[in-house]
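[1] Please work out how this folds:
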Amino acid sequence: MIAEKIREWLGNMDAKVEPTGDLDHGDYTTNIAIITKQDATSLKEKLEQNKLPEIERIEVANPGFLNFFLTKEYLTHNLEEVLVKKDKFGWSQKLSGKKVVVEYTDPNPFKEFHIGHLMSNSIGESISRLIEASGAEVKRACYQGDVGLHVAKALWAKGDYALGAKSYEEDEQVKREVYEINKKIYDKSDESLNKVYEEGRRLSLEKFETMYAKLGTKFNYYFFESETGEFGKKIVQENMGKIFEESDGAVVFKAEKYDEKLHTRVFINSDGLPTYEAKELGLAKTKFNQFNYDESVVITGNEIKQYFKVLLAAMRLVFPDLAVKTKHLPHGMLRLPSGKMSSRTGEVITAEFLLNRVEERVRGKNSEAPLTEIAVAAIKYAILKQAPGRDIIFDLEKSLSFEGDSGPYLQYTYARAKSVLEKSDKELSLDNFENNEVVRLLARYPDIVARAAATLSPQIVVQYLLQLASSFNSFYAQNKIIGSPEEASRLTLTAAVAQIIKNGLWLLGIKSPERM
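    I've put the predicted structure just below:
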């Protein structure tokens, strides 16, 4: 990674070394002169006396940035590396020896797999792959609420969660009946109810697996609230009087005692049942017992951001070593132009509905690629092109455009490059090598991957791939490849572009069809 090498050369690993926004101003830029309050021109002259072999020249730009231009030799070597390392180009060993568990998606049995789960799944899968590409051992985990009031509401209404939730809110008698069902599910005291529950749970989980297969996710661990609940309750009871206290028949954690910005939450309710909070404590320890992780990344919706802060405050007291290892990454909401979804009112927009709708539009484009691959690319790209915390309005037409800023556009660019390569029988070569924008963008890929992984920011990869695809398509429109004097070197460039787009799409959890 050239950015890290430049930082080492500068003697300051805290200095920002980033790709330039405009290639006319160099390949990389640093603010080191500004942050160390040095004269940029003097620093440039000093650096030139012991210049890195990868750097051709250095320029000073206002108000004191140093811009670095890479040598033709380095760019040539980078192209060769792409074609030698292939799928592993851009991978590093920065996190070698580390064990990371990433928890995401988390759909609840007896409820629909909705578009909010698509958000969590897309972000979680991409982050898992970014961490893998940094050399860590990654395990994917899915945590599911297979017990709780939502299950009782669904069973009360014979499988219709929306009806059960509505009746629960409007009718006190229904509320009492749901509470009774909830207790029976926990203590497994009703044999006939148990049978209905087990069958409903099995069917829900099977349906989720169908969706995971379409999305390209394979989990290593499945954790369930029915397993973590009793363990979490035991943990809370063991810390009564020290961390947790009784309040109106329930057990609570008064987080505001430790941080005035936080609030009190219930960990065991007045019926003696563990709440989500207690179950999460049990989950953290259960995960660690399974995998002995160095880091646990938990991806959820923004709506539980405040709740999770309270949970982490409790975890810092109960399991301080695990709290330090836990990182919560909240994401925004995926909306359609019609507005916010709501599973409680039955207006849920399912993932299956959205995928089917996108596939219908793909069918109209007469693409040769599998419909699901393009539909998944369209949805994942729309989710991943923005920072995880922001809400997204999914624009169906823009998401399927083959002309830019979409997943299918990147897939189309890959397929176009592969098509060019198939039409020529010339050996790849770097004779008549041309130092152009595409070549220089390719050299940035390892640093892009490193930065995206370090900050858990898939959008960095998205932005880069869009820039690379746009640059290659411009080059393709303006330059003859097959039959030109530079055919061999231009084919080499085309092969490298195809490889990098494929690698980058893999990091986003998107497949690369060779026909579009």
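[2] Could you report the pLDDT at the spatially most central residue of the chain?
    Taking CA atoms, centre = their mean, the centroid of the chain lies closest to I123, which sits 2.5 Å from it. pLDDT for I123: 98.
[3] ok, now K340?
    As predicted, K340 sits at a pLDDT of 48.
[4] now swap in T345 and tell me
    47.
[5] Output the below-cut-off pLDDT ranges for the stretch 301-450 of the chain.
    Residues of the stretch 301-450 of the chain meeting the criterion pLDDT under 70: 338-347, 366.
[6] Show me the strands in it, by range?
    Remark: strands assigned in the stretch 301-450 of the chain by DSSP state E, counting those that start in this stretch are 326-331, 334-335, 392-393.
[7] residues near the nearest residue to L355 once chain neighbours are set aside, how many?
    Leaving out its chain neighbours, the residue that sits closest to L355 by CB to CB, 6 or more residues apart in numbering is A375, at 5.4 Å. Bear in mind the C-beta positions are built from the backbone N, C-alpha and C, glycine included. Residues near A375, counting by other CB atoms under 10 Å, number 25.
[8] Can you give me the buried ones in stretch 434-449?
    Neighbour-count burial for stretch 434-449, counted by 16 or more other CB atoms under 10 Å, picks out 437-449.
[9] How about stretch 369-382?
    Using 16+ other CB under 10 Å as the test for burial, stretch 369-382 gives 369, 371-382.
[10] what residues are up against the residue nearest to I58 when sequence neighbours are not counted?
    Closest residue to I58 apart from its sequence neighbours, by CB to CB, 6+ apart: K44 at 5.0 Å. Residues near K44 by CB atoms under 8 Å, 6 or more residues apart in numbering: I58, E59, V60, L66.
[11] in the sheet, who's paired with the first one?
    What that stands for is I58. For I58, the beta-bridge partners are F68 (DSSP bridges).
[12] contacting residues around the strand or helix carrying L79?
    In the assignment (DSSP states H and E), L79 maps to helix 72-85. Helix 72-85 is contacted from outside by 2, 53-54, 56, 89, 91, 428, 430, 433, 435, 439-440, 442-443, 445, 492-493, 495-496, 499-500, using CB under 8 Å, 6+ apart.
[13] can you tell me which helix or strand the residue nearest to the centre of the chain belongs to?
    Using DSSP H and E, the element containing I123 is helix 115-132.
[14] which of the contacts of helix 72-85 are buried?
    Listed as buried from the contacts of helix 72-85 are 2, 54, 56, 89, 91, 428, 430, 433, 439-440, 442-443, 445, 492-493, 495-496, 499-500; burial here means 16+ other CB under 10 Å.
[15] Going by neighbour count, which residues in the helix or strand where K44 lies are buried?
    Using DSSP H and E, K44 sits within helix 40-48. Using 16+ other CB under 10 Å as the test for burial, helix 40-48 gives A40, L43, K44, L47.
[16] so can I have a markdown table of those showing pLDDT and distance to M119?
    Formatted as a markdown table, the buried residues of helix 40-48 follow (pLDDT from 0 to 100; distance: CB to CB, whole Å):
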| residue | pLDDT | distance to M119 |
| --- | --- | --- |
| A40 | 95 | 43 |
| L43 | 95 | 45 |
| K44 | 95 | 46 |
| L47 | 94 | 45 |
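[17] Let me know the closest of those residues to R390.
    A40 (35.4 Å; CB to CB).
[18] Confirm for me that that closest one is in contact with A33.
    Yes: A40 is within contact range of A33, at 4.0 Å (criterion: CB atoms under 8 Å).
[19] what do these two both touch?
    Residues touching both A40 and A33 (CB under 8 Å, 6+ apart) are G64, F65, L66.
[20] and of the residues you listed, the nearest to M516?
    For the shared contacts of A40 and A33, the closest approach to M516 (CB to CB) belongs to F65, at 40.3 Å.
[21] before we move on, what SS does the closest residue to the closest one other than its chain neighbours have?
    Once flanking residues are discounted, F65 sits nearest to T29: 5.1 Å by CB to CB, 6+ apart. For T29, the assignment made with DSSP: H, G, I helix; E, B strand; the rest coil gives strand.
[22] Just list whatever residues bridge to T29.
    Taking DSSP bridges as the rule, T29 bridges to E18, N67.
[23] so what's it up against?
    T29 neighbours (CB under 8 Å, 6+ apart): V17, E18, P19, T20, A61, F65, L66, N67, F68.
[24] And it, how far from F69?
    Distance from T29 to F69, counting by CB to CB, to the nearest Å: 11 Å.
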